[in-house]
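Trainee: Test case, fold it:
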Amino acid sequence: MDLSINEDHEALCDAAQDWLGDNMPLIGIRDRDPALFQPLMAMGWIGMTSPDVGFDHVSEALVFVAMGRALAPVAALSSAVAARWFGAQGKVALAIPDGVRVQVFDSPGTTQALGLWQGQGQGQAAIIDLPGGLELRACLDLSTNLVAWDGAPELTRADDPRAALHLALLGAAYALGCAEAARDMAADYAKLREQFGRQIGAFQAIKHMCADMAVRAAVARSQLYYAACALDEGSADMAFHVAAAKRLADTAALDNARANIQIHGGIGMTDEASPHLLLKRAHLLGFLAPVATRDLLAPVTTG
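Mentor: You can find the predicted model right below:
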């Protein structure tokens with residue numbers, strides 16, 4: 001298992017970050033045009049692991065980390081999984097079942113949604129057809145929107161259990177991107193804001209908080225690499241490593257987003273500043289393929 005990042009990976013990440021920085025800045029996130037999803041798909045990142053393209057999950061995960069830093073549309077997660085395991089060609093919304101209700105995120109421009117339904121481990125990936133006339137609502141995550149559907153939709157389930165692991169892996173990549181964005185935002189502000197005639201980054205308490213943010217992101221990134229490699233190789237313990245990556249990334253995203261708000265002080269709690277956007281995205285990602293302790297303690301089966 002090769003965990004090294006090569007020049008091709010670095011070039012892919014640089015290209016993704018440049019495009020996302022130009023087309024999806026955090027400023028003005030409330031006014032993002034839903035039509036931006038089409039040029040995002042045109043970049044080729046949504047279908048990277050589809051059979052006719054053939055990129056590995058490591059390359060895909062690296063790109064999705066960059067997308068997570070930019071709070072890219074959450075439908076990219078479900079669309080990528082739908083392209084790989086269902087042969088879907090366009091946008092597919094993200095579904096999160098909640099008892100007898102299904103919450104569907106980022107649905108404009110599509111009539112289908114993909115999510116995880118009850119099954120072994122973290123669930124089973126399935127696609128549903130969306131009925132017409134659903135009311136579009138605002139969402140806690142200001143970068144997206146949602147519709148709520150009461151009922152039991154007909155499911156088209158993926159035959160391969162790796163489809164569910166794929167969605168969890170990409171969710172972990174998005175969460176890691178969110179954690180890294182919070183880390184960098186906090187560090188940049190600590191070098192800018194002055195108090196008592198000094199930059200606040202010079203104070204030990206702020207240094208410790210930023211260091212903790214960096215460690216959380218580094219640990220989550222290492223586990224994400226390993227989980228992606230395990231999924232590529234079809235390892236017997238791939239479900240464990242994907243679950244571990246999701247747990248670490250979700251924790252890093254939430255804790256880093258909170259620390260970022262604290263470092264920003266009073267302005268960090270205002271609507272006009274950006275820190276709260278990362279916290280809200282971190283909360284949303286935590287509902288996608290949540291990892292229970294039993295998922296991490298379950299014995300590995302070699303089949």
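Trainee: residues making contact with stretch 264-273?
Mentor: Contacts to stretch 264-273, defined as Cβ atoms under 8 Å, 6 or more residues apart in numbering, come from residues 186, 189, 193, 260-262, 275-276. Glycine gets a C-beta too; all of them are placed from N, C-alpha and C.
Trainee: biggest separation within the residues you listed, which pair?
Mentor: Checking these against each other with Cβ to Cβ, the farthest-apart pair comes out as 193 and 276, at 17.3 Å.
Trainee: Give me the mean pLDDT for the one helix or strand residue 180 maps to.
Mentor: Secondary structure from DSSP states H and E places residue 180 in helix 162-192. The pLDDT scores in helix 162-192 average 97.
Trainee: Stretch 288-301 now?
Mentor: 81.
Trainee: Can I get it as PDB, trimmed to CA atoms?
Mentor: Provided in PDB are the C-alpha atoms of stretch 288-301 (Å, rounded to 0.1, in the frame of the first residue of the first chain):
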ATOM      1  CA  LEU A 288     -24.000  11.800   6.600                       C
ATOM      2  CA  ALA A 289     -22.900   8.300   7.400                       C
ATOM      3  CA  PRO A 290     -22.400   8.900  11.100                       C
ATOM      4  CA  VAL A 291     -20.000   6.500  12.700                       C
ATOM      5  CA  ALA A 292     -21.100   4.700  15.900                       C
ATOM      6  CA  THR A 293     -18.700   3.100  18.300                       C
ATOM      7  CA  ARG A 294     -19.900  -0.300  17.200                       C
ATOM      8  CA  ASP A 295     -18.700   0.400  13.700                       C
ATOM      9  CA  LEU A 296     -15.200   0.900  15.000                       C
ATOM     10  CA  LEU A 297     -15.200  -2.100  17.300                       C
ATOM     11  CA  ALA A 298     -16.900  -4.600  15.000                       C
ATOM     12  CA  PRO A 299     -14.700  -7.600  14.100                       C
ATOM     13  CA  VAL A 300     -13.100  -7.700  10.700                       C
ATOM     14  CA  THR A 301     -14.600 -10.400   8.500                       C
END
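Trainee: which sections of this structure are below the confidence cut-off?
Mentor: 1-3, 119-122, 300-303 (pLDDT under 70).
Trainee: what about 50?
Mentor: 303 (pLDDT under 50).
Trainee: Mind listing residues that contact stretch 31-42?
Mentor: Contacts of stretch 31-42 (Cβ under 8 Å, 6+ apart): 23-24, 46-47, 72-73, 75-76, 79, 90-91, 106, 108-109, 143.
Trainee: still on that earlier bit, following the helix holding residue 180, which helix or strand shows up next?
Mentor: strand 194-195.
Trainee: Dead centre of the chain: give me the residue that sits there.
Mentor: residue 174 (2.2 Å; Cα atoms, centre = their mean).
Trainee: So what's the gap between stretch 19-38 and the chain middle?
Mentor: When C-alpha coordinates are averaged (Cα atoms, centre = their mean, to the nearest Å), stretch 19-38 and its chain have centres 16 Å apart.
Trainee: before we move on, what about stretch 267-285?
Mentor: For stretch 267-285, the distance to the chain centre is 15 Å (Cα atoms, centre = their mean).
Trainee: mind checking how far residue 126 is from residue 296?
Mentor: Per Cβ to Cβ, to the nearest Å, residue 126 is found 24 Å from residue 296.
Trainee: So which of these two has more stuff around it?
Mentor: The residue with more neighbours, out of residue 126 and residue 296, is residue 126; 23 against 13, by other Cβ atoms under 10 Å.
Trainee: Would you confirm that that one belongs to a strand?
Mentor: Yes - judged by DSSP: H, G, I helix; E, B strand; the rest coil, residue 126 forms part of a strand.
Trainee: ok, now which ones touch residue 198?
Mentor: Counting by Cβ under 8 Å, 6+ apart, residue 198 has no contacts.
Trainee: Hmm, residue 258 and residue 212 touching each other?
Mentor: No - using Cβ atoms under 8 Å, residue 212 is not in contact with residue 258; the gap is 11.1 Å.
Trainee: what about the strands in the stretch 101-250 of the chain?
Mentor: For the stretch 101-250 of the chain, applying DSSP state E, counting those that start in this stretch gives strands covering 101-105, 112-117, 124-129, 137-138, 145-150, 156-157, 194-195, 198-199.
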